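Engineer: What follows is a predicted structure for the sequence shown.
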Amino acid sequence: MSASQKQPFLNKERRRILYAFLAGIVLFIVGEMVRPGFASPSGIRAILVVASFVGIVAAGQTFVILIGGIDLSVPWVLNAGAILMVTSSLGHDARAIPALALTLGMGAAVGALNGAGVALLGIPAVVMTLAMNGIMQGLTLGLSGGMTCTSCGAYAPPVVQAAVHQSFLGLPIVLWIWIAIIIVVSFLLAMTRFGRMTYTVGNNARASHLAGIHVSGVTIVLYALSGFFSALAGIMLVGFGGQAALGMGDPYLFQSIAAVVIGGVYILGGRGHYLGSVAGAISLTVLVSVLLAFNMPDYGRSIVYGIVILALLLLYGREEDSA
């Protein structure tokens with residue numbers, strides 16, 4: 001390939017990631033103008049901690065969207081993970097590791113079932129994951145008796161709470177966990193054969209199959225990873241609040257998809273990067289915080305979210321058409 005044919009360093013995908021990060025910076029400036037102290041070091045840390053929960057869920061959502069799928073089971077996989085964590089550990093550090101393994105295993109297993117339904121049974125991802133969300137909601141409500149875990153006296157183990165609230169080298173430990181996830185997911189997508197297979201399947205599943213890629217296996221693994229990250233987010237959230245509550249996962253369906261879209265991941269699959277989803281999670285969380293600073297009610301924030309997503313989809317769609 002000649003020098004004139006090489007792609008520019010700041011290609012379309014990288015520009016979208018840059019735009020998402022710049023949007024976050026601009027929103028921090030706006031927040032500081034509206035409420036002094038908004039962009040203070042402590043304020044930025046607090047916003048990044050909240051963004052990390054969205055970003056962790058968005059890691060799994062990025063995987064499935066890269067192959068043209070979607071995971072609508074996020075809310076109740078996350079909620080089930082939070083409740084399973086507190087009820088299986090009963091607030092004891094000695095039981096924390098088995099509870100972590102059980103919770104993460106549950107998330108991965110549910111995700112794998114989603115993937116199997118999509119890849120092996122041919123059920124559309126929207127239908128399969130929405131049905132699974134309903135199943136998980138019913139199981140969680142049934143097993144919990146429809147009550148929050150406040151009434152049963154179950155708390156997150158102190159070590160899990162410390163992972164969210166305590167700091168190391170000036171950063172909350174949860175942010176170090178998110179940084180580790182960013183590194184691992186970025187490496188997996190950019191530097192491994194599995195990552196290359198993911199993009200290939202997302203671009204053309206039929207051609208991938210003919211090229212010898214086990215499309216069904218890749219799909220199942222990616223949905224399993226989505227379930228894993230949803231359960232992990234549930235663990236982090238229950239560490240943040242100390243206890244689990246029914247419905248705590250509901251906001252993260254829209255926010256995780258919005259973060260992926262804001263970050264420039266192509267909604268039909270095949271293009272995008274987790275760094276974009278990270279930028280989207282941060283920008284979205286800052287946007288929410290700015291709207292709260294304006295004392296905007298819930299319905300107003302929902303309208304703004306929808307407008308932002310539609311505007312970005314239109315903008316990115318125009319870029320695709322002009323490419």
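Structural biologist: Right, received. Where do you want to start?
Engineer: For the rest of this, base every contact and every neighbour count on C-alpha atoms.
Structural biologist: Noted.
Engineer: now stretch 21-40, how far from the centre of its chain.
Structural biologist: 23 Å (Cα atoms, centre = their mean, to the nearest Å).
Engineer: quick one: the helices in the stretch 51-200 of the chain?
Structural biologist: 74-89, 96-119, 125-144, 158-165, 173-191, 193-203 (DSSP state H, counting those that start in this stretch).
Engineer: could I get the ones you listed as TSV with mean pLDDT and mean neighbour count?
Structural biologist: As requested, the helices of the stretch 51-200 of the chain are exported to TSV (pLDDT from 0 to 100; neighbours: other Cα atoms under 10 Å):
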stretch	mean pLDDT	mean neighbour count
helix 74-89	91	28
helix 96-119	95	22
helix 125-144	90	18
helix 158-165	85	19
helix 173-191	94	16
helix 193-203	93	20
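Engineer: Make TSV out of those helices and add distance to residue 217.
Structural biologist: Shown next, in TSV, are the helices of the stretch 51-200 of the chain (distance: least, Cα to Cα, whole Å):
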stretch	distance to residue 217
helix 74-89	21
helix 96-119	8
helix 125-144	15
helix 158-165	33
helix 173-191	16
helix 193-203	11
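Engineer: Ok, which of these comes nearest residue 23?
Structural biologist: Among the helices of the stretch 51-200 of the chain, helix 173-191 comes nearest to residue 23, with 19.7 Å by Cα to Cα.
Engineer: contact partners of that closest one?
Structural biologist: Contacts with helix 173-191, where a contact means Cα atoms under 8 Å, 6 or more residues apart in numbering, come from 48-49, 52, 55-56, 59, 162-167, 194-196, 198, 236, 273-275, 278.
Engineer: Go again with 6 Å.
Structural biologist: With contacts defined as Cα atoms under 6 Å, 6 or more residues apart in numbering, helix 173-191 is touched by 163-164, 167, 195.
Engineer: ok, which pair from those residues is furthest apart?
Structural biologist: Pairwise distances across the contacts of helix 173-191 (Cα to Cα) peak at 32.3 Å, for the pair 167 and 195.
Engineer: Can you tell me the SS state at the residue nearest to residue 32 when sequence neighbours are not counted?
Structural biologist: Spatial nearest neighbour of residue 32, excluding adjacent residues (Cα to Cα, 6 or more residues apart in numbering): residue 38 at 4.8 Å. Three-state call for residue 38 (DSSP: H, G, I helix; E, B strand; the rest coil): coil.
Engineer: Report the angle between the one helix or strand residue 276 maps to and helix 173-191.
Structural biologist: Applying DSSP states H and E as the criterion places residue 276 in helix 274-293. Orientation of helix 274-293 against helix 173-191 (axes from the mean of the first three to the mean of the last three Cα atoms, to 10 degrees) gives an angle of 140 degrees.
Engineer: Which strands or helices does helix 274-293 pack on?
Structural biologist: Other elements packing on helix 274-293 under the criterion 3 or more Cα pairs under 6 Å, 6 or more residues apart in numbering; DSSP states H and E are helix 12-34, helix 41-65, helix 251-262.
Engineer: ok and that helix relative to helix 41-65, angle-wise?
Structural biologist: Computed by the same axes, to 10 degrees, the angle separating helix 274-293 from helix 41-65 equals 130 degrees.
Engineer: okay, the angle between helix 274-293 and helix 12-34?
Structural biologist: Angle, helix 274-293 to helix 12-34, by the same axes, to 10 degrees: 20 degrees.
Engineer: Ok, which of the helices of the stretch 51-200 of the chain comes nearest residue 302?
Structural biologist: Across the helices of the stretch 51-200 of the chain, closest to residue 302 is helix 74-89 (Cα to Cα), at 17.3 Å.
Engineer: Would you mind giving the orientation angle of that closest one with respect to helix 41-65?
Structural biologist: 110 degrees.
Engineer: who does helix 74-89 touch, helix- and strand-wise?
Structural biologist: Applying 3+ Cα pairs under 6 Å, 6+ apart, one finds that helix 74-89 contacts helix 96-119, helix 125-144, helix 215-241.
Engineer: now those in TSV, with distance to residue 203?
Structural biologist: Shown next, in TSV, are the helices and strands packed on helix 74-89 (distance: least, Cα to Cα, whole Å):
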stretch	distance to residue 203
helix 96-119	16
helix 125-144	17
helix 215-241	12
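Engineer: right, and those - which one's nearest residue 26?
Structural biologist: helix 215-241 (27.2 Å).
Engineer: how about the closest one: buried residues?
Structural biologist: By neighbour count on 16 or more other Cα atoms under 10 Å, the buried set for helix 215-241 is 215-216, 218-240.
Engineer: so what does that helix touch, helix or strand wise?
Structural biologist: Partner elements for helix 215-241 (3+ Cα pairs under 6 Å, 6+ apart): helix 41-65, helix 74-89, helix 96-119, helix 158-165.
Engineer: Among the helices and strands packed on helix 274-293, which comes closest to residue 142?
Structural biologist: Between residue 142 and the helices and strands packed on helix 274-293, the shortest separation by Cα to Cα is 21.5 Å, and it involves helix 251-262.
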